[in-house]
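Undergrad: Sequence isn't available, so here's the structure alone:
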């Protein structure tokens, strides 16, 4: 079968206009939720990249799963408080386990991360499969998420919040709150995070506690991850954590500019992913992750200082100069 047969025919009106024309509010709910997820994950992800802890974000996004299930089993039902506390404890345990394995043995940091998150994630998958029925937890939702379900929450009176005369899905309201709190905390502790991210020794000499700052960042990471679980799942949230910040880092290196550019990318990824998902008729969350990857690749190619086009042009000029020198 020809590979192109797998790609649906592209109709600009059907992809970009009809979703909003047929269901404006549903499209708005989905894209706003996606934007808040990308923004909150992206801001935390910037610090993970600067601290070279991208794999730790991967580890925690997987290893909060057993903490989530255990907390819900103790609570006996699905509640936001239980989910948050379970993810919080699991995130701290994961960070402590990684540091313990690295410090108490000859295990390299990357190997310690791999051992920790594979063990805890496997444990979480077993717990989900064994006890999901007892706590009304959808395994597919936890692992993969489904962003389109946000638009359906308005049909459940217990899952909506009325504000400004409009009914807003609870998931959207929660992600908006998580994003506001995340951005506020990062701005409040901006100096501490900045210094400790680039020089932990300097941070300690200035009276800060780099270890406590690190654990605080891990707690914030766990909170953001569990908040995004229902919409994008444990797996796709990794893309939201890493790709926006990594793309911004190709353009700028100063921290304020990184945060601003990550903010600019959030609606681009959300809207682009939503319409990509409509075109391909696939998971919206996965399409947003793919849109983030496409944005990264485009940046990698066209970035004016170190992009592939710039590198190719530089090498071509060097080749021409060498040839001219040989002729002479």
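TA: On my side now, so go ahead. Here the structure is a predicted model, which means the values were calculated and not measured.
Undergrad: hey, let's count contacts and neighbours off CA atoms from now on
TA: OK.
Undergrad: In the protein, where is pLDDT below threshold?
TA: 1-5, 78-81, 132-145, 230, 234-235, 327-328 (pLDDT under 70).
Undergrad: and the residue nearest the centre of it, what element?
TA: Among the residues of the chain, the one closest to the centroid is residue 240, at 2.4 Å (C-alpha atoms, centre = their mean). Assessed by DSSP states H and E, residue 240 sits inside helix 210-251.
Undergrad: Ok, residue 162 next?
TA: Here residue 162 is assigned to strand 160-163, by DSSP H and E.
Undergrad: For residue 189, grab phi and psi.
TA: Backbone dihedrals for residue 189, given as degrees, to the nearest 10, come out at phi -100, psi 30.
Undergrad: Please report the distance of it from residue 242.
TA: 21 Å (C-alpha to C-alpha, to the nearest Å).
Undergrad: For the chain, which segments count as helices?
TA: For the chain, the helices defined by DSSP state H occupy 12, 18-22, 24-50, 54-75, 80-104, 109-135, 139-143, 170-188, 190-198, 200-205, 210-251, 255-280, 284-302, 308-327.
Undergrad: and the gap between residue 59 and residue 110?
TA: Residue 59 is 10 Å from residue 110, by C-alpha to C-alpha.
Undergrad: Those two: which is more packed in?
TA: Looking at residue 59 and residue 110 with other C-alpha atoms under 10 Å, you find the greater number of neighbours at residue 59, namely 24 against 14.
Undergrad: Name the nearest residue to the more buried one, ignoring sequence neighbours.
TA: Among residues not flanking residue 59 along the chain, residue 117 sits closest, at 4.6 Å (C-alpha to C-alpha, 6 or more residues apart in numbering).
Undergrad: mind listing what that neighbour touches?
TA: 58, 59, 60, 62, 63, 94 (C-alpha atoms under 8 Å, 6 or more residues apart in numbering).
Undergrad: Give the burial count for the third one, as a bare number.
TA: Same thing as residue 60. 30.
Undergrad: Any figure for the gap between it and residue 92?
TA: Counting by C-alpha to C-alpha - residue 60 and residue 92 are separated by 9 Å.
Undergrad: can you check the fifth one too?
TA: Taken as C-alpha to C-alpha, the spacing of residue 63 relative to residue 92 amounts to 10 Å.
Undergrad: Reformat the helices of the chain as JSON lines; add distance to residue 152.
TA: As requested, the helices of the chain are exported to JSON lines (distance: least, C-alpha to C-alpha, whole Å):
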{"stretch": "helix 12", "distance to residue 152": "25"}
{"stretch": "helix 18-22", "distance to residue 152": "15"}
{"stretch": "helix 24-50", "distance to residue 152": "8"}
{"stretch": "helix 54-75", "distance to residue 152": "24"}
{"stretch": "helix 80-104", "distance to residue 152": "19"}
{"stretch": "helix 109-135", "distance to residue 152": "22"}
{"stretch": "helix 139-143", "distance to residue 152": "15"}
{"stretch": "helix 170-188", "distance to residue 152": "11"}
{"stretch": "helix 190-198", "distance to residue 152": "37"}
{"stretch": "helix 200-205", "distance to residue 152": "46"}
{"stretch": "helix 210-251", "distance to residue 152": "12"}
{"stretch": "helix 255-280", "distance to residue 152": "16"}
{"stretch": "helix 284-302", "distance to residue 152": "14"}
{"stretch": "helix 308-327", "distance to residue 152": "43"}
